[in-house]
Structure formats: C-alpha cells, structure tokens
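K.L.:
this one's sequence-less:
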Ligand code: SAH
C-alpha cells in the first residue's frame, strides 16, 4: 500500500503560556466571554484537571475546539534527588532538549520552591556555577509556572508549595514578560493564590527592568549585591559595569516606596578575603542607610573549578553582628540540599550553550595554566 502523506501538524497553543489577562484575550478572540479564563485557571491549577473534556462548565463545542487546537504542557521531571535534609532537586527536560533545575526546600510551616527562569544564564557572575554553563534561551511562561505545577503534583499531599523564589537558574529580569506572567499566575486567586509577600524575584541588578517591574508586578524584591564598591562589584557581578551601585540603589529606593513597611532584601555572598572585611560590613551599613533593607548573608557554596572559598564561620558571625547592631535585620541563609548540589549557585541543568561562554572559559583556563 502506498503511504499517504500525513497532513502537516499545526503546533498546538500551550495555554499554560498565558496568565489570566492573556487567557481572557485568547477567549475573546474565539468569540467567548472573558470569564472563561477564570474557569480554565481553576480547572488547571486548583482542580488539577488537564483533560479539556472534563471541564464541564465549558460548552461542548468549546471543549472540543480546545482539545483539537490547544494543549497544557509542562516540562517533565527526568531526575529526582532527595537530600538528607529533605530538600528535593528535580531536573526537568524542556521541549528543546535542554534541562533546568528546580529545588523544593521544606521548612517548619512552609515549603519554598526555587524556580529557574532561563536555560543557563547570560550573565557572568564569577562565583556562580550556573554562569559557567553559558546560555541557551529564555524559558517560556509554561516552563516557569510548569515548575510549580510539576513540583506540587509530585509532592501531592505530603507538602505544599507556600513560597516561590525566582532564584534558580538564570536572571529573571532578562526574561521579563514570561517571568511576570508566571508570577501573576502564582499570585492569582484563581490559580495558586500566593500572597505577594510569598513570591520573591531575585535580580543581579538589571536597573531598567527593576523600574518596569515596580510598575507592573508587586512581588517581593531581592537584590544580589555582593559588594559595596563599584570596583569589586564590577568584577563579581559584571552587569554592575552597565548599572553601577548608585543607579541600583536608586531603583531599590523606588521599589521600596511601593508599600509602607516594605523592605528590599539584599543578598550578599560571603567570599573569604574578597568581600568579607569588617570595612565591607561598615560600607554595607553606609550604602543601605537610605533604603529600607534586610540583608541575607549567603555562605559561598563551592563548585568544581571555582577559585573562591567561603568566609569562616567566625567572620560570617562578626559580619552579621555588626550589621544587626547597626539596626539592619540580617540573617545567614542556611545552606540546604548541599549533598545533592541543590544549594544557591549550584544549579547547572544541562545547557546547550549558545553564548560560547563555555569555550571562552576553557580558553581562559588554558591561558591561566600556560
Ligand atoms: N540571577 C538572579 C537569580 C539567581 S538567585 C540573581 O543574581 O539574583 C541565586 C542567588 O544565589 C543570588 O544571590 C546569587 O548571587 C547567589 N549565588 C550564586 N552563586 C552562588 C554560590 N556559589 N554560593 C552562594 N550563593 C550564590
């Protein structure tokens, strides 16, 4: 029998790529009422129903239209690791053959999911292992909210995602629209309904995007500061060359104006002999004088070929005490999931690097050795 050529398949629309506003526009485009969006969100995110046919408050013709033309696709868990302290790390396969990582951190009374925003990272912070992977592409909204979806599904009744931190792989503010849509879904009462205090975006300091964020999406802000002098920050967080400390602080002040009692969290990785002198701590107090701030000190987590060491326990304690005594609420981030490389800065996934960073680093390494 001669084989009949298959009709070209039209790519289905992934409805997980839309937040409520996007979905409403999609339904209006179909001649439907905008409230179909809230009905659909409830089925997906609250009832866990992904078969359009079971969505009984949608008309039959609409259900069959959706089944034919749309899909609800998330990345898939391909590796699961459980650390001795209860932290889960999931490696997720994306549709383009790359892999990203998501981490679940259970704590007394809450469960925090650390979500990735990009495949790899285009920035080159010298102390971060994701940076060494290079960059492939931005994650779609469905791949970002999909991390919450698959994590909650996998955890089932055992645990609940109560908090999300955009602190996985990538710089979230360089994937602005998709990250904002995903965070809207996290906070939407018809989807996950998390309060804005429980959704945090962490940025290395993409200043123009910080202003845009302040305008469109009211989530908690964390800033990866890591140095109090431009000269050192240029080296550790190279995007500082583009947006130096003065501009960064101004953007933080603007964000803090959003709500009374609002604070910005400043992350500060503790690198032995690099940024951990008591002079640095005094500099931090001075720098944060005009911003309502909290500080989160992060003990450096080593990774293969990193040239930094973590500050001593003693130094971290001194640093913290000095800051607290100056009136800035300062905590030391507990290192979790260390035995499965799930701690801050250790997420690497599997990135088909398009930025050639990998190559550049290798060459630089070869030069250093030579
Ligand atoms: N790109 C965003 C999101 C990453 S969040 C940002 O820079 O904020 C991850 C946090 O862990 C950031 O504060 C980052 O600077 C920090 N980090 C990266 N590598 C680390 C390491 N090896 N040890 C400890 N913290 C690290």
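P.N.:
Right, received. Where do you want to start? Computed from a predicted model, the values in this text were never measured in an experiment.

K.L.:
how many neighbours does the residue of the chain found nearest the ligand have?
P.N.:
As assessed by CB to the nearest ligand atom, the ligand sits closest to residue 345 within the chain, at 1.9 Å. Glycine gets a C-beta too; all of them are placed from N, C-alpha and C. The number of residues packed near residue 345 is 20, by other CB atoms under 10 Å.

K.L.:
cool, residue 333 as well?
P.N.:
16.

K.L.:
next up, phi/psi of it, please.
P.N.:
Note on residue 333: its backbone torsions stand at phi -70, psi 130 [degrees, to the nearest 10].

K.L.:
show the pLDDT at the nearest residue to it once chain neighbours are set aside.
P.N.:
Of all residues not flanking residue 333 in the chain, residue 298 sits nearest, at 4.7 Å (CB to CB, 6 or more residues apart in numbering). In this model, residue 298 is scored at 97, pLDDT.

K.L.:
my read: residue 298 touches residue 336, true?
P.N.:
No. Using CB atoms under 8 Å, residue 298 makes no contact with residue 336, being 11.4 Å away.

K.L.:
low-confidence ranges, this structure, go.
P.N.:
When residues are selected by pLDDT under 70, those of the chain lie in 1-9, 356-370.

K.L.:
and it, which of its residues are near the ligand?
P.N.:
125, 127-128, 167, 171, 202-204, 224, 267, 269, 298, 300-301, 344-345 (CB under 6 Å from any ligand atom).

K.L.:
ok, residue 107 - how many residues close by?
P.N.:
12.

K.L.:
ok, now residue 324?
P.N.:
Residue 324: 13 neighbours (other CB under 10 Å).

K.L.:
same thing with residue 208?
P.N.:
Residue 208: 13 neighbours (other CB under 10 Å).

K.L.:
again with residue 280
P.N.:
18.

K.L.:
over to stretch 188-198 now: how far is its first residue from its last?
P.N.:
12 Å (CA to CA, to the nearest Å).

K.L.:
do the same with stretch 34-54
P.N.:
By CA to CA, one end of stretch 34-54 lies 20 Å from the other end.

K.L.:
what about residue 173, distance to residue 203?
P.N.:
5 Å (CB to CB, to the nearest Å).

K.L.:
what segments of this structure are helices?
P.N.:
20-29, 36-41, 60-69, 129-132, 141-155, 176-187, 207-216, 230-236, 245-256, 278-287, 313-325, 357-369 (DSSP state H).

K.L.:
so for residue 14, which of those helices sits nearest?
P.N.:
helix 141-155 (4.8 Å; CB to CB).
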